[in-house]
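S.K.: build me a model from this:
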Amino acid sequence: MKKAILILEQQSWFGGAQRVLEAVLNSLVDDCDLVVAFPEHGPFSAALREKGIETRTFPLGTYRPGRKSYKDMAIFAVRSLFCALKLAAVIRTKRIALVYINGPRCLPAGTLAAWLAGRPSLFHLHLILTRKSEIFLVTQLARRVSKIVACSRAAAESLLNADRRLASKTEILYNPVLDRFDPVPVPLDITPGAATDHVTLGIVGRISEAKGQRLLLNAVRRLRPELQNKTRIIIAGAPAPGCPEDLRYAHGLEESARQYGLREKILWVGHQRDLAPYYALMDVLVHPSSGEALGLVILEALQRGIPVIASRTGGIPEIIRDGSNGLLISPKDEDSLVRGLERFIDDQSLRERLRAGARAGLDDRFSLKTFAPAMRNLVCQLSGASNLNKAEAPHEKLAVWK
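M.R.: This next block holds a predicted model:
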């Protein structure tokens, strides 16, 4: 008999953590009965229902980026308690064997619900913990989960720095490259009659201050005229649904592009489920995000042989080797980004060397063939399922934090 697994997801639209969760669900669907709970309905929950996966909602409320007021924190605490009680009832009714918590916002409700129902829990950490209040809360709750899976060493370290005792239950399992692609470039012109000696910079991700789109525009504005004339920009992504902070930021980006005289150089493509035509145009992916735990878009770029200019922060140095498959810049440092762009655009031999390093590919840490069976075996062990497929276990033992 299949074991039932309850998965708690903190947002109902598609982002990096949600795409990784898709891979988790695909690895479990044959072995487990899956119930995925969301704070609200959205594109991600709709896509799962179309696949025949049961979804539910729990009233955790919407997420607002940035610092939270005491009122926000109090409301969140009350909602988490209410959600925990409702989820505990679901656990008992559906005979849930394991609670899988995909992100820190679901952690209070998920941990309490699992404890009330006497079930094991797994916490999947996809980000770098930075705020003192966040670190304190997550650390206290993480002591009560059965297993922690971190998407990078940097993500694990941000938690273990607060409590090294969590090392015994923490495992590092890198997010995998998820998409398949056609290596044949797809023609797509940004402007009619565009020059052939241009350098196309791409930036992919949610339109949000933390992702660094404004930093890129500011840096391009400061390039020497002859380099700026060679530059084109692809901006892929959209504000989070219902997030006024993101919307204001997006409008500010468009106004900055107009003021800087860059509008004709930019292709705004919005949110795209299939980015292959746009990756095919990029000479380099620029990823000036701050505090990134890993960055799926970096993996996607390297998979396609596209070098990366990214911040030396979080888990990014675990992927990017400076001067080999990309360039590392100082986080939130406009001057550092300007220097990196100038080096890349001005030096053809450097571009060729970085492309060769990117084309060398990614190692097995980032393979779906490693990730899927490892996650499936871990979930089955915690839930008490007996249908482990030993033949599909990864060749190398997963790194356990010491």
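
S.K.: so, low pLDDT: which residues of the stretch 151-300 of the chain?
M.R.: Within the stretch 151-300 of the chain, the stretches with pLDDT under 70 are 179-196.

S.K.: in it, which spans are strands?
M.R.: Counting by DSSP state E, counting those that start in this stretch, the stretch 151-300 of the chain has strands at residues 170-172, 199-204, 231-236, 266-270, 284-287.

S.K.: just checking: what are the partner strands of the fourth one?
M.R.: For strand 266-270, the pairing partners within the sheet under DSSP bridges are strand 231-236 (parallel).

S.K.: same thing with the last one?
M.R.: Sheet pairing of strand 284-287 (DSSP bridges) gives strand 199-204 (parallel), strand 308-311 (parallel).

S.K.: list of residues touching that strand?
M.R.: Residues from elsewhere that reach strand 284-287 (Cβ atoms under 8 Å, 6 or more residues apart in numbering): 199-205, 212, 216, 295, 297-298, 301, 306-311, 316, 326, 337, 341, 344, 351, 354. (C-beta placed from N, C-alpha, C; glycine too.)

S.K.: that strand: how far from the chain's middle?
M.R.: On the basis of Cα atoms, centre = their mean, to the nearest Å, strand 284-287 sits 16 Å off its chain's mean C-alpha point.

S.K.: how about the first one?
M.R.: Centroid separation for strand 170-172 versus its chain: 17 Å, with Cα atoms, centre = their mean.

S.K.: now, of the strands paired with strand 284-287, which is deepest in the fold?
M.R.: Stretch with highest mean neighbour count among the strands paired with strand 284-287: strand 308-311 (a mean of 26; mean count of other Cβ atoms under 10 Å).

S.K.: for that one, the averaged confidence score.
M.R.: Taken as a whole, strand 308-311 has an average pLDDT of 97.

S.K.: what's the first helix or strand after that strand?
M.R.: Per DSSP states H and E, the first helix or strand lying C-terminal to strand 308-311 is strand 326-329.

S.K.: quick one: distance of that next one to the chain centre.
M.R.: 19 Å.

S.K.: what's it packed up against?
M.R.: strand 308-311, helix 334-346, helix 348-359 (3 or more Cβ pairs under 8 Å, 6 or more residues apart in numbering; DSSP states H and E).

S.K.: cutoff 6 Å now
M.R.: Applying 3 or more Cβ pairs under 6 Å, 6 or more residues apart in numbering; DSSP states H and E, we find strand 326-329 packed against strand 308-311, helix 334-346.

S.K.: which residues touch it?
M.R.: With contact meaning Cβ atoms under 6 Å, 6 or more residues apart in numbering, strand 326-329 is reached by P307, V308, I309, S311, R312, I320, D322, S336, L337, G340.

S.K.: mind picking the two most distant members of these?
M.R.: P307 and S336 (16.6 Å; Cβ to Cβ).

S.K.: quick one, which of the two is more surrounded?
M.R.: Comparing P307 with S336 by neighbour count (other Cβ atoms under 10 Å), the higher total belongs to P307, at 27 against 20.

S.K.: report the contact partners of that one.
M.R.: Neighbour list for P307: V284, N325, G326, L354, R355, A358 [criterion: Cβ under 6 Å, 6+ apart].

S.K.: how many residues are close by the fifth one?
M.R.: By other Cβ under 10 Å, the residues close to R355 number 16.

S.K.: that one and V199, how far apart?
M.R.: 12 Å (Cβ to Cβ, to the nearest Å).

S.K.: picking that back up, just the buried ones from the contacts of P307?
M.R.: V284, N325, G326, L354, R355, A358 (16 or more other Cβ atoms under 10 Å).

S.K.: hmm, R321 and the last one touching each other?
M.R.: Looking back up the chat, that one is A358. No: with contact defined as Cβ atoms under 6 Å, A358 does not count as touching R321 (10.1 Å).

S.K.: save the buried ones among the contacts of P307 as CSV, and put in distance to I91 too.
M.R.: Output for the buried ones among the contacts of P307, formatted as CSV (distance: Cβ to Cβ, whole Å):
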residue, distance to I91
V284, 47
N325, 45
G326, 44
L354, 50
R355, 50
A358, 45
